[in-house]
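> What follows is a predicted protein model with its sequence.
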Amino acid sequence: MAETRQAETHGFQTEVKQLLHLMIHSLYSNKEIFLRELVSNASDAADKLRFKALSDSALLGDDAELFVRVSADKDAGTITISDNGIGMTRDEVMTNLGTIAKSGTADFFSKLSGDEAKDSRLIGQFGVGFYSAFIVADSVTVRTRAAGVAANEAVEWHSKGEGEFDLRAIEKAQRGTDIILHVRDDAKEFVDEFRLRGIITKYSDHLSIPVQMPERDDDGKLTEWQAVNSGQALWTREKSDISDDEYKEFYKTIAHDFEDPLLWSHNKVEGTQEYTSLLYIPKRAPWDLWNRDQQHGIKLYVKRVFIMDDAQQLMPSYLRFVRGLMDSNDLPLNVSREILQDNKITRAMRSGSTKKVLSLLSKLAKDKPEDYQEFWNTFGTVLKEGPAEDHANQEKIASLLRFASTHEDNAEATVSLDAYIERMPEQQDKIYYIVADSYEAARDNPALEIFRKKGVEVLLLSERIDEWLMSHLTEYKEKAFQSVTRGDLDLGDLEDDAAKQQQEELENAFKDQAERFSNALGDKVKSVRATHRLTSSPACIVTDDNDMSTQMAKLMEAAGQKVPETKYIFEINPEHALVQQVVALEDEDKFAEWAQLLLDQATLAERGSLKDPAQFVGRLNRLMMELTNGKLS
């Protein structure tokens, strides 16, 4: 191996410096994990070359037997992990080893707590497994040659993990990557091939690529390379032969997670289409969960040959937290993303895997409600995307949704739609809900007053996605959803004939005053009417059934879309003492001031903001001063 030019020194990206500092100071509580990460990366490199070779067999050349090799040199104090996989070009080395090419890196650091055990779980989720080498090494050398390039285009990367790395061009006879760890004194236990063999058997036995270690003679000289893993893909084995621990370790490898999964499903489908799926629900959210365009967690294999590691066509976006793989016997080995996009086999696999995940979650919700609540707290917001995306499974998804409600006294206590319906009074025929900016704003909205009086439960929705969700989820088990802040309030059989007659009389008696309010406010409101929503508040605003709701308008504005101004229906409580004093005013200018103040208060309660808060404060102060001087009458 001859160097062709001097080394170039480069500084690490700031985030890498921080990460290396954490690694070197033993962020991982289980140091042996470094080998699992590096062997897994090497196996992925071999898988990727095998896939590329399907369309370009020249990439394999005369070296078609793919492998990962692990060895140790006690005298030199090194561990070497080698593969003859896809390798890297110079640019790829710069990108993959000089920066963390992930938009969530800052978010990663913000979540660190200082607790080694907890923080170590985050590392794999952020795709930075290579840097685990610095758990045991005080310096790392990487020599790599990309498949299909000349021997003299290979690259050597070297770093002591202290803020910079060296890069030089070298010659490398064989394609692939060698990672040489110069092991620290406090990690010399790992410079032992028997110890390394045990770690590989524990963590990497399932890999289909052979992981080889040297067989040596009595003098310690290499006689042959021997595979130490079984080489049988775990998902191809019978479920009865696989232990829970094996399932968990496999998950940690493919998901790069350091915590056990919440649950999993291993399923073999036979018939018109034949495929195997092994799907996991994580306990923790992947760092890029909120990026709908980021990679999904499903790997695709065809006849045990790795094809791609983010096969988003196999799982809907609202289930993007699912990790695992699918192995098809029916797809062609040279399948492309374009073919997957519109393929009946893919559609059948997607449909089957979706139903399997939803059934898995339904069983968890039924059998272990506390565990399901933990799942919901982590992934519930993503699952809410489902009713709009997947109409075929809408009711099944709706059964998995959980909501805060007026039946409970805190936001963490949630209710399912089935439990809500079970608690409904016999004469109730709708599912009532309210959407607001926060749980507190929903809980304290004046529109809930009549429902509390009658003991009717209302779902309290306060996430940004909720208005979008409810625009697609119109009914559940033949019960229509009804917003308590939209349109005419019809409580149906929840109100008796006497109550309805009393409301009608109240509306008729207030008609003249409603017109007076309407004249005073002009085009600031759509209409004015007496309300029967309120029991203790003077007024509220509601949206007409045909107009855009407050929360939908906010959602669209946040997305940068132009939204037409919504004019609200102004509902007034004629029985409220303040309203009675206002309508008694004979000075129309003064009446108009108070009418505007009541409208601003109602708008603030519904929207959480005003277009001109300074004007509102000025009016409020002015009227308060008049009150203290006895000028109201």
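That came in fine, so what should we check first?
> What ranges does the stretch 501-633 of the chain have for its strands?
With DSSP state E, counting those that start in this stretch as the criterion, the stretch 501-633 of the chain has strands at 527-530, 539-542, 569-572.
> would you turn the ones you listed into TSV with distance to residue 161?
C-beta: built from backbone N, CA, C; applies to glycine. Formatted as TSV, these follow (distance: least, Cβ to Cβ, whole Å):
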stretch	distance to residue 161
strand 527-530	69
strand 539-542	60
strand 569-572	65
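> So which of the ones you listed is the most surrounded?
Of all those, strand 539-542 carries the top mean neighbour count, a mean of 26, counting by mean count of other Cβ atoms under 10 Å.
> which residues are contacting that strand?
With contacts defined as Cβ atoms under 8 Å, 6 or more residues apart in numbering, strand 539-542 is touched by 445-447, 485-487, 525, 531, 533-534, 568-573, 576, 579, 598-599, 601-603, 605-606.
> Domain-wise, how is the chain divided?
For the chain, automatic domain parsing gives the domain ranges 8-227, 234-366, 369-493, 495-628.
> could I get these as JSON lines with mean pLDDT?
Formatted as JSON lines, the domains of the chain follow (pLDDT from 0 to 100):
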{"stretch": "domain 8-227", "mean pLDDT": "81"}
{"stretch": "domain 234-366", "mean pLDDT": "85"}
{"stretch": "domain 369-493", "mean pLDDT": "91"}
{"stretch": "domain 495-628", "mean pLDDT": "86"}
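> who are the neighbours in contact with residue 402?
Per Cβ under 8 Å, 6+ apart, neighbours of residue 402: 373, 376, 380, 414, 415, 416.
> who's in contact with the fourth one?
Looking back up the chat, that one is residue 414. The contact partners of residue 414, by Cβ under 8 Å, 6+ apart, come to 373, 376, 402, 403, 404, 405, 408.
> Mind checking what helix or strand follows the helix or strand hosting residue 442 in sequence?
Element membership for residue 442, per DSSP states H and E: helix 439-443. Sequence order places helix 449-454 as the next helix or strand after helix 439-443, per DSSP H and E.
> name the helices or strands packed onto that following helix?
The helices and strands touching helix 449-454, judged by 3 or more Cβ pairs under 8 Å, 6 or more residues apart in numbering; DSSP states H and E, number zero.
> Next SSE downstream of it?
Next along the chain after helix 449-454, taking DSSP H and E as the criterion, comes strand 459-461.
> Give me the residues contacting that next one.
Outside strand 459-461, the residues that reach it (Cβ under 8 Å, 6+ apart) are 403-406, 411, 415, 420, 431-436, 439, 442-443, 467, 469-470.
> quick one: which of the contacts of residue 402 is nearest residue 154?
Ranked by distance to residue 154 (Cβ to Cβ), the contacts of residue 402 are led by residue 380 at 48.5 Å.
> Contact partners for that closest one?
With contact set as Cβ under 8 Å, 6+ apart, residue 380 has these partners: 401, 402.
> what do you get for the one 4 residues further on?
By Cβ under 8 Å, 6+ apart, the contact set of residue 384 is 318, 401, 463, 465, 466, 469.
> quick one, longest helix in the protein?
If you go by DSSP state H, the chain has its longest helix at helix 344-367.
> Buried ones in that helix, by neighbour count?
By neighbour count on 16 or more other Cβ atoms under 10 Å, the buried set for helix 344-367 is 345-346, 348-350, 352-354, 356-358, 360-361, 364-365.
> Can you verify my assumption that residue 558 contacts residue 468?
No: look at residue 558 against residue 468 with Cβ atoms under 8 Å: they stay out of range, at 11.2 Å.
> Which one of these two is surrounded by more residues?
Higher neighbour count among residue 558 and residue 468: residue 468, with 19 against 9, using other Cβ atoms under 10 Å.
> State the helix or strand in which that one lies.
Residue 468 belongs to helix 466-472, assigned by DSSP H and E.
> And for that helix, what's in contact with it?
384-385, 387-388, 394, 433, 435, 461, 481, 483, 549, 551-552, 554-555.
> same thing but 7 Å
384, 387, 388, 433, 435, 481, 549, 551, 552, 555 (Cβ atoms under 7 Å, 6 or more residues apart in numbering).
> How far away from the center of its chain is stretch 517-534?
Centre-to-centre, stretch 517-534 and its host chain are 43 Å apart (Cα atoms, centre = their mean, to the nearest Å).
> right, and out of the contacts of helix 466-472, which lies closest to residue 543?
Using Cβ to Cβ, residue 549 comes nearest to residue 543 of these, at 5.1 Å.
> wait, isn't that closest one in contact with residue 486?
Yes: if you go by Cβ atoms under 7 Å, residue 549 and residue 486 touch, sitting 6.4 Å apart.
> Need the residues touching each of those two.
With Cβ under 7 Å, 6+ apart as the test, residue 549 and residue 486 both reach residue 543.
> if we can go back for a sec, and the helix holding residue 442, what does it pack against?
If you count contacts as 3 or more Cβ pairs under 7 Å, 6 or more residues apart in numbering; DSSP states H and E, helix 439-443 packs onto strand 459-461.
> Give me the sheet partners of the strand it packs on and which way each runs.
Sheet pairing for strand 459-461, assigned by DSSP bridges, gives strand 404-405 (antiparallel), strand 430-435 (parallel).
> so which of the ones you listed is the most packed in?
Ranked by mean neighbour count, the strands paired with strand 459-461 are led by strand 430-435 with a mean of 22 (mean count of other Cβ under 10 Å).
> Fine by me, we can end here.
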